[in-house]
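Enquirer: Any chance you could fold what I've pasted below:
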Amino acid sequence: MSAAASIPPAPPPQSPDQRGAVLRGLSRAGAPFRCLAARLLRHPLRACAVVFLLVFIGALGTLAGRHIWAEYHYRAARRCLAENKLVEAQYHLDQAFPIRADAPTHLLAARLARRMHDGQTAREHLNECERILGGISPECELERELIQAQMGDFILVERHLQHRLDENDPEAPAILEAMAEGYWNYNHLAPALRCLNKWLELQPGNLRALYLRGEVQVASHRYRDAVNDYRACLELEPTSSDIRFKLANALFEQGVADQALSHFQELRERFPDTDLYSWGIARCEISLGHADQAKGLLDALVAAHPTIAEGWRERGKLALAEEDHDTAERYLRKAIELSRGDKDAHFNLYKCLVSEGKEVEATAELAELQQVQGYLTRIFEIREKLLPAQPRNPRLHYELGTLYLQIEAKEEGVRWLESSLLLAPNFTEAKDALAKYRESK
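Expert: Numbers count the residues shown, from 1 in each chain. The predicted model follows:
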């Protein structure tokens, strides 16, 4: 077919009569509007009223639309908070607040801040909520107790929160979460586990409850149960790198390094610049007897992050296995310098010194190992036996703090010294120990 044949024929030209008919039709179509305009011009007040009405309707529609938009984001924030999607909940609240800053929105923001362990922001929202309401509401009162349980002195509100549970409070899931974290902060693992089990009875499959229970299982060295909880979490959030990492570590501690290795490798493929996953792979390779693969990973790790004591320790152990005593001694001493409480590093350094025939140094290292072992034994005794029976004994908190500082676990040591001062603000020994540590730092 030719190009000319594909062009449609032009319409025939219109006659003057045809054009006139079209114009008359258009004129008749616009006649009602011209008529209305003419009437309005003859009555100016009526015209102003019509214009005002139209503007009012437009403004009302805009205002209604803004409130509908704010309500949508408020409801979305509530849903995300219930699903433990805290970042998304914060986004929706940020969208709602410029339009809707009422008491329920501030209360929801306080709950979100508490869940994100931002106690100061949570209290600020509660203060604003109470200002709007003109007094303390039951919801705000409960929220302050939950903040105290999670981030303050849990013992002060423990009985009241337990009473709420006994009375079948409708906010039982939130109360159980706060109580579980309160017990966790005091290392009361058994009651924390009971709270989480009860929470999962009320809300089976709750991601947050499963995750926290996995944490408690790990702290209790019940790695098989922790693996089950983290696997359930991963089914709910298959893209979560944090949950997969927790699962991989629990699998390694359970003794199934081959399964842990596959998770660490998947994480490193997704985040190749995260050395933490390379460290996990190295541990698995060592456990599986693949020393050569582990050695390269550890060399790269300690070069990039020379303050990671575990990397130096494991590299030293590999060197000791190869009877490279000079390298092993250097690496193990570095590990102990970074973490005095690393009993494994002390023991392997002692073996290395014995192999080198350095009897005097080996004897000194054995004495150091025995001292560290004494510290660790006392820490275990206080946390597992004495503290559960006397959770508000400030001297036990103080002793834990000083023991942790002795083995260079500085953050843990400071935490326990500060908690002893919460229980006894005038505890002179705790004040002095904390001041001495801060001066040395």
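
Enquirer: who touches the most centrally placed residue in the chain in this structure?
Expert: With the centre of the chain defined as its mean C-alpha position, the nearest residue by CA atoms, centre = their mean is Met116, 6.7 Å away. Going by CB atoms under 8 Å, 6 or more residues apart in numbering, Met116 touches Leu86, Gln90. C-beta coordinates here come from the backbone N, C-alpha and C atoms, glycine included.

Enquirer: From Pro104, how far out is it?
Expert: Separation of Met116 from Pro104 (CB to CB, to the nearest Å) stands at 19 Å.

Enquirer: same check, this time on Leu376
Expert: Counting by CB to CB, the gap from Leu376 to Pro104 is 50 Å.

Enquirer: now swap in Pro272 and tell me
Expert: Going from Pro272 to Pro104 by CB to CB gives 45 Å.

Enquirer: So between the two, which is more surrounded?
Expert: Neighbours per residue (other CB atoms under 10 Å) separate Pro272 from Pro104, with Pro104 holding more: 13 against 10.

Enquirer: Just confirm the more buried one contacts Arg75, I think it does.
Expert: No - Pro104 lies out of contact with Arg75 (CB atoms under 8 Å); the separation is 10.8 Å.

Enquirer: what residue ranges in the protein score low on pLDDT?
Expert: 1-66 (pLDDT under 70).

Enquirer: Show me it divided up by domain.
Expert: Domains of the chain are assigned by automatic domain parsing as 205-256, 306-374, 390-441.

Enquirer: how about the ones you listed, which one is nearest Tyr277?
Expert: Within the domains of the chain, the stretch nearest Tyr277 is domain 205-256; the backing value is 7.5 Å (CB to CB).

Enquirer: Any idea how far apart the tips of that closest one sit?
Expert: Terminal residues of domain 205-256 are spaced 25 Å apart (CA to CA, to the nearest Å).

Enquirer: chain center to that domain: distance?
Expert: 14 Å (CA atoms, centre = their mean, to the nearest Å).

Enquirer: Also stretch 267-276?
Expert: How far stretch 267-276 lies from its chain's middle: 19 Å, per CA atoms, centre = their mean.

Enquirer: Straight-line length of it, end to end?
Expert: End-to-end span of stretch 267-276 (CA to CA): 10 Å.

Enquirer: Also stretch 297-312?
Expert: Terminal residues of stretch 297-312 are spaced 12 Å apart (CA to CA).

Enquirer: Buried ones in it, by neighbour count?
Expert: Neighbour counts using 16 or more other CB atoms under 10 Å place Leu297, Leu298, Leu301, Val302, Ile308, Ala309, Glu310, Gly311, Trp312 of stretch 297-312 among the buried residues.

Enquirer: before we move on, which element is the fourth one in?
Expert: By that I understand Val302. Val302 belongs to helix 291-304 when assigned by DSSP states H and E.

Enquirer: what angle separates the host helix or strand of Ala335 from helix 291-304?
Expert: Element membership of Ala335, judged by DSSP H and E, is helix 325-338. Counting by axes from the mean of the first three to the mean of the last three CA atoms, to 10 degrees, helix 325-338 lies at 50 degrees to helix 291-304.

Enquirer: Show me what helix 325-338 is packed up against.
Expert: Contact analysis of helix 325-338 by 3 or more CB pairs under 8 Å, 6 or more residues apart in numbering; DSSP states H and E lists helix 309-321, helix 343-355 as its packing neighbours.

Enquirer: circling back: okay if I get the domains of the chain as TSV plus distance to Gln162?
Expert: Below are the domains of the chain laid out as TSV (distance: least, CB to CB, whole Å):
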stretch	distance to Gln162
domain 205-256	18
domain 306-374	36
domain 390-441	14
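
Enquirer: who wins for proximity to Ser287 among those?
Expert: domain 205-256 (7.2 Å).

Enquirer: Show the contacting residues for Gly152.
Expert: In this structure, Gly152 makes contact with Gly119, judged by CB under 8 Å, 6+ apart.

Enquirer: what are the phi and psi values for it?
Expert: Main-chain torsions, Gly152, degrees, to the nearest 10: phi -130, psi -140.

Enquirer: Can we start the residue count at 355 from this point?
Expert: Understood, numbering begins at 355; the last thing we discussed is Gly506.

Enquirer: so Trp666 touches Glu683, yeah?
Expert: No - using CB under 8 Å as the test, Trp666 is too far from Glu683 to be in contact (11.4 Å).

Enquirer: In the helix or strand containing Trp553, which residues are buried?
Expert: With elements taken from DSSP H and E, the one containing Trp553 is helix 543-556. Residues Leu543, Pro545, Ala546, Leu547, Cys549, Leu550, Lys552, Trp553, Leu554 are the ones in helix 543-556 that count as buried (16+ other CB under 10 Å).

Enquirer: what residues does that helix touch?
Expert: 519, 526-527, 530-531, 533-535, 537-538, 560, 563-564, 566-567, 570-571, 573-574, 742.

Enquirer: Mind checking which of the residues you listed are buried?
Expert: Among those, those that count as buried by neighbour count (16+ other CB under 10 Å) are 526-527, 530-531, 533-535, 537-538, 560, 563-564, 566-567, 570-571, 742.

Enquirer: what number of residues lie near Asp520?
Expert: Here the number of neighbours of Asp520 (other CB under 10 Å) works out to 8.

Enquirer: same question, Asp596
Expert: Using other CB under 10 Å, Asp596 has 11 neighbouring residues.

Enquirer: what's the helix or strand for it?
Expert: Here Asp596 is covered by helix 595-608, with elements defined by DSSP H and E.

Enquirer: now do Arg694
Expert: Under DSSP H and E, no helix or strand contains Arg694.

Enquirer: next one: Ser774
Expert: Assigned by DSSP H and E, Ser774 belongs to helix 764-777.

Enquirer: Counting by contacts, list what that helix packs against.
Expert: Judged by 3+ CB pairs under 8 Å, 6+ apart, helix 764-777 is in contact with helix 748-760, helix 782-794.

Enquirer: The last one: which residues count as buried?
Expert: It stands for helix 782-794. Buried positions in helix 782-794, judged by neighbour count with 16+ other CB under 10 Å: Ala784, Lys785, Ala787, Leu788, Tyr791.

Enquirer: swap in stretch 622-641?
Expert: By 16+ other CB under 10 Å, the buried positions in stretch 622-641 come out as 622, 629, 631-641.

Enquirer: same thing with stretch 578-591?
Expert: Applying a neighbour-count criterion of 16+ other CB under 10 Å, one finds Asp579, Ala580, Val581, Asn582, Asp583, Tyr584, Ala586, Cys587, Leu588, Glu591 buried in stretch 578-591.

Enquirer: ok so, going back, would you mind finding the most buried of the helices and strands packed on helix 679-692?
Expert: Mean neighbours per residue, mean count of other CB atoms under 10 Å, is largest over these for helix 663-675, with a mean of 23.

Enquirer: So which residues make contact with stretch 717-727?
Expert: Applying CB under 8 Å, 6+ apart, the external contacts of stretch 717-727 come out as Arg694, Gly695, Lys697, His700, Phe701, Leu703, Tyr704, Leu707, Ile761.
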